[in-house]
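**Student:** Have a look at this fold, sequence not included:
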């Protein structure tokens, strides 16, 4: 993406994607079609708070995501974190984004569980000055059940486009598939098909990658 481009409504979706699955795809689609983001930028991570499975390195996970979204120009996949070959905190990526695109405030796309644990993130609350946050919670979870972190101003999903300064959050109740990456890895190791749970264009590669024990 050209750093001189006019970027107004960009969602940043980070995660380990170990492996990428249809729950991730549904969240991206919700960002585009329910929230109305112009683009979603998918950023596979080397996580700070936990270890990866060891079955799929950064290059492999990046490649899967690029294959999944190669025909979707409104979804970009970036190697900002995996290319560093080390754990990268979200705040570091947000600062990188701010330097590259100083006129754009990104919307960090989080599940309800990640939003609940926000205050444990490295260098929190620096994020207040770097982004807005879109919280995607499964249908049936009331917004009253979500924590209200000090300093963040909640806005109605119908008004989020009016907020061009950081420090806002909005809530989107969406019907996301209940898919566990841990269960996917376990099933793949046992030779159980992942049909219908991971994107079909990369399913065979994911099944094979998690079926074979990694070299130690």
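**Tutor:** Yep, that arrived. Every value quoted in this text rests on a predicted model; they were computed, and no experiment measured them.

**Student:** Can you point out the buried residues in stretch 65-74?
**Tutor:** Across stretch 65-74, burial judged by 16 or more other C-beta atoms under 10 Å covers 65, 66, 68, 69. Using the backbone N, CA and C atoms, a C-beta is placed for each residue, glycine as well.

**Student:** Now, those that are in helices?
**Tutor:** Using DSSP state H, the members of the buried residues of stretch 65-74 that fall in helices are 65, 66, 68.

**Student:** Measure how far stretch 103-112 is from the centre of its chain, please.
**Tutor:** Once both centres are worked out by C-alpha atoms, centre = their mean, to the nearest Å, stretch 103-112 turns out to sit 9 Å from its chain's centre.

**Student:** what about that stretch, start to end distance?
**Tutor:** This stretch, stretch 103-112, spans 28 Å end to end (C-alpha to C-alpha, to the nearest Å).

**Student:** list the buried ones in that stretch?
**Tutor:** 105, 106, 107, 108, 109, 110, 112.

**Student:** and what of stretch 203-210?
**Tutor:** 203, 205, 206, 207, 209, 210.

**Student:** In this structure the third one contacts residue 188, no?
**Tutor:** This means residue 206. Yes: Residue 206 lies in contact with residue 188 (C-beta atoms under 8 Å); the separation is 6.7 Å.

**Student:** What segments of this structure are helices?
**Tutor:** 22-30, 58-68, 90-100, 112-116, 181-189, 200-211.

**Student:** and those helices as JSON lines, adding mean pLDDT?
**Tutor:** Converted to JSON lines, those look like this (pLDDT from 0 to 100):
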{"stretch": "helix 22-30", "mean pLDDT": "96"}
{"stretch": "helix 58-68", "mean pLDDT": "96"}
{"stretch": "helix 90-100", "mean pLDDT": "96"}
{"stretch": "helix 112-116", "mean pLDDT": "92"}
{"stretch": "helix 181-189", "mean pLDDT": "95"}
{"stretch": "helix 200-211", "mean pLDDT": "96"}
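
**Student:** Next, count neighbours for residue 125.
**Tutor:** By other C-beta atoms under 10 Å, 15 other residues sit near residue 125.
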